[in-house]
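Enquirer: predicted model and sequence below, questions to follow.
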Amino acid sequence: MQPQCSCSRLRTWGWWIVCQREVIVKLTNPAYLLSTFLSIALIIGATFGSAYLTANKGVIKIAALGSESVEILEETAHSDKMLPTEVSLPLTIVHVENREEVEKLLRDDEVDAALLPDENLNSREAWELIALNQPDFQLLSALTSTLHTREMYRLARVAHEDQRHVERATAVRALTLKSGSEYGFYRWVIGLIFAALFYFSSLTYGVQLAQSVLEEKQSRIVEIIISTIPVRQLLFGKVIGNTAMAILQMLVLMGCGVICGLFTSAREILPIVGGASGWFLIMFLAGFFALSGLWASAGALCTRSEDLQYSTQPIMLALSIVFIIGATVQGFARSLLSYFPLFSTILMPIRLLDAEASWLDAMAALLISLAFGLCAIIIGDRIYQHAILQTGRRLKYREAFSLGAKEKNTL
């Protein structure tokens, strides 16, 4: 009586056993762990490396002759001090005593530029910005802005005007109709990251799933397994296990990116990215689950390792098209494709980030993806069940899909 109970439990919960096995195999696989740790190290290095280069890029060493020159440069370097200048630059100020010392520092390449008052009273300009070659345009613009602001306040004091009135009359407030649209470059980068994550994760886990199915078929282990549990439960266990590991790794990588972003200037956009990232994970789950059934069926079609590149080629081609179009499409085409399965995994989170879509649009795209996933799982299940025990030659998708009907007609 006990063996019958155990057999019945296996046939009911066999998928869970297969799922656990897939997870344990992944977690104990040195290649999987190494790739995860390398990805984390790459994210940390890229985040802090870019932040370090950004922080040190553009630091200008500039010589200042006279106290007023130093004051002007300090106002330019620190826009929150003394005067509300519009442009600020990372400057390192070097104090000098005379013009000869300025020229010596410039020729020795110890400073990038020098600011000093023009000694010629008949000159149209009251200040000189000297460089060994062409002066930095951004520095010149920042200094011009600072000098204009200083002179404006000086004239306001002479005319007994209120400083706050002058500030209001000369201030311009920038507004945007789209939420977060001021982060155009960041939004483009985030969209590219979404596309790359979906493409490489789907490709990596999909190929591994197909190889796993092929190895079980070649070693005849699958014949022993399906004598204990139904074929459908074997497929579902593999699909659910691989999907869970893909989501887990995605959460780890995205969490690592968020934590690293908290220590850089990118923390300003994290609240904007949070909602889009959440929808990306949900859409990724639906898209990857659908593809997993097709990847497993691709592995079941093969009898040799050499056959795998032919059976997986259609899925790889589809993923490549989704990646390329998803990373580049704009305008009405992007809005339309954001409702299509697989494309929605990349495009709908980007539209949410751009405030072009609402959560109702995202729900509609998710329901379409779930419907597509259900159809893909049904097709993958049919192909998998018909092809998993077929040996001798590689089957085609159409042949494996119609194999069950042919067998029934034969009987």
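Expert: Sure, I can see it.
Enquirer: show me the shaky parts of the stretch 151-300 of the chain.
Expert: 159-186, 265-266, 268 (pLDDT under 70).
Enquirer: repeat that with 80
Expert: By pLDDT under 80, the weakly predicted segments of the stretch 151-300 of the chain are 151-189, 261-275.
Enquirer: would you confirm that residue 299 contacts residue 218?
Expert: No: using CB atoms under 8 Å, residue 299 is not in contact with residue 218, being 10.3 Å away. No exception for glycine: its C-beta is placed from N, CA and C like everyone else's.
Enquirer: what about the two, which has more around it?
Expert: Of the pair residue 299 and residue 218, residue 299 is the one with more neighbours under other CB atoms under 10 Å, namely 27 against 14.
Enquirer: contacts only, for residue 343.
Expert: 322, 325, 326, 337 (CB atoms under 8 Å, 6 or more residues apart in numbering).
Enquirer: out of these, which one sits closest to residue 129?
Expert: When the contacts of residue 343 are compared for distance to residue 129 (CB to CB), residue 326 wins out at 46.9 Å.
Enquirer: following the host helix or strand of residue 277, which helix or strand comes up?
Expert: Element membership for residue 277, per DSSP states H and E: helix 270-300. Using DSSP H and E, the helix or strand that follows helix 270-300 in sequence is helix 308-311.
Enquirer: and the contacts of the following helix or strand past that following helix?
Expert: Counting by DSSP H and E, the next helix or strand C-terminal to helix 308-311 is helix 313-328. By CB under 8 Å, 6+ apart, the residues outside helix 313-328 that reach it are 191-192, 194-196, 198-199, 202-203, 206, 291, 294-295, 298, 337, 342-343, 345-347, 397.
Enquirer: could you list the buried residues of helix 313-328?
Expert: Judged by neighbour count using 16 or more other CB atoms under 10 Å, the buried positions of helix 313-328 are 315, 316, 319, 322, 323, 325, 326, 327.
Enquirer: gap between the fourth one and residue 341?
Expert: When you say that, I think you mean residue 322. 9 Å (CB to CB, to the nearest Å).
Enquirer: from what I see, residue 288 and residue 203 are in contact.
Expert: No: with contact defined as CB under 8 Å, residue 288 does not reach residue 203; the gap is 10.8 Å.
Enquirer: among those two, which residue is more densely surrounded?
Expert: Counted by other CB under 10 Å, residue 288 and residue 203 do not tie: residue 288 has more neighbours, with 24 against 18.
Enquirer: OK, contacts around the more buried one?
Expert: 198, 201, 202, 205, 243, 246, 247.
Enquirer: select only the buried ones of the contacts of helix 313-328 in PyMOL?
Expert: Only the buried members of those end up in this PyMOL selection, burial being decided by 16+ other CB under 10 Å:
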select buried, resi 191+192+194+195+198+199+202+203+206+291+294+295+298+337+342+343+345+346+347+397
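Enquirer: report how many residues lie close to residue 350.
Expert: Neighbours of residue 350 (other CB under 10 Å): 25.
Enquirer: so which helix or strand takes in it?
Expert: Going by DSSP H and E, residue 350 is in helix 343-353.
Enquirer: and the angle from that helix to helix 313-328?
Expert: Helix 343-353 runs at 10 degrees relative to helix 313-328, counting by axes from the mean of the first three to the mean of the last three CA atoms, to 10 degrees.
Enquirer: on that earlier part again, out of the contacts of residue 343, who's nearest residue 259?
Expert: residue 326 (26.3 Å).
Enquirer: look up how far residue 108 lies from the closest one.
Expert: 52 Å.
Enquirer: again with residue 203
Expert: 54 Å.
Enquirer: can you check residue 221 too?
Expert: 74 Å.
Enquirer: swap in residue 242?
Expert: The value you get for residue 242 to residue 108, if CB to CB is used, is 62 Å.
Enquirer: also residue 90?
Expert: 22 Å.
Enquirer: what's around residue 261, how many residues?
Expert: 18.
Enquirer: touching, it and residue 267? I think so.
Expert: Yes: if you go by CB under 8 Å, residue 261 and residue 267 touch, sitting 5.6 Å apart.
Enquirer: check the secondary structure at residue 128 for me.
Expert: strand (DSSP: H, G, I helix; E, B strand; the rest coil).
Enquirer: so what's it bridging to?
Expert: residue 116 (DSSP bridges).
Enquirer: show me what contacts it?
Expert: Contacts of residue 128 (CB under 8 Å, 6+ apart): 115, 116, 117, 118.
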